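Participant: model this:
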Amino acid sequence: MYLWPAIVFGWPSAFAGLVLLVLGIALRRAWLVGVGALVSAGFCAYLAMNPLPFRLLGLLAIAGNVLAVLAVHRRRLLLSCLALLPFLFVSCYLIYRMRVS
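Facilitator: Residues are numbered from 1 along each chain as shown. Next up, the predicted model:
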């Protein structure tokens with residue numbers, strides 16, 4: 001029970017959310033994208049609690065994930081893919097920085 005913060009706010013949340021977001025866009029299921037946005041919200045909220053520039057990136061990632069849900073609901077697949085870019089950028093950047101240091 002003591003590991004739940006690491007799961008909700010850590011990398012499991014980011015990876016599971018990313019898989020669900022991409023799978024939902026590929027299958028054109030807005031509810032699946034919504035579940036992915038909800039799962040990844042903990043990771044994005046944790047980023048939003050950090051100093052700048054990660055505060056802005058976390059908020060942009062949350063907004064982009066919500067926009068992706070709305071875009072898939074309206075059948076705008078290109079917009080939904082573009083809306084995931086802040087979340088992908090910050091995740092890839094953090095992975096890169098962890099490997100370098």
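Participant: and stretch 19-38, average pLDDT?
Facilitator: Mean per-residue pLDDT for stretch 19-38: 98.
Participant: now do the same end-to-end measure for that stretch.
Facilitator: 12 Å (CA to CA, to the nearest Å).
Participant: list the buried ones in that stretch?
Facilitator: Residues 20, 21, 22, 24, 25, 30, 32, 33, 34, 35, 36, 37 are the ones in stretch 19-38 that count as buried (16 or more other CB atoms under 10 Å). For every residue, glycine as well, the C-beta is placed using N, CA and C.
Participant: which of these fall in helices?
Facilitator: 20, 21, 22, 24, 25, 30, 32, 33, 34, 35, 36, 37 (DSSP state H).
Participant: which strand or helix spans the closest residue to residue 90 other than its chain neighbours?
Facilitator: Distances taken as CB to CB, 6 or more residues apart in numbering put residue 57 closest to residue 90, at 4.5 Å, once the chain neighbours are dropped. Using DSSP states H and E, residue 57 sits in helix 54-73.
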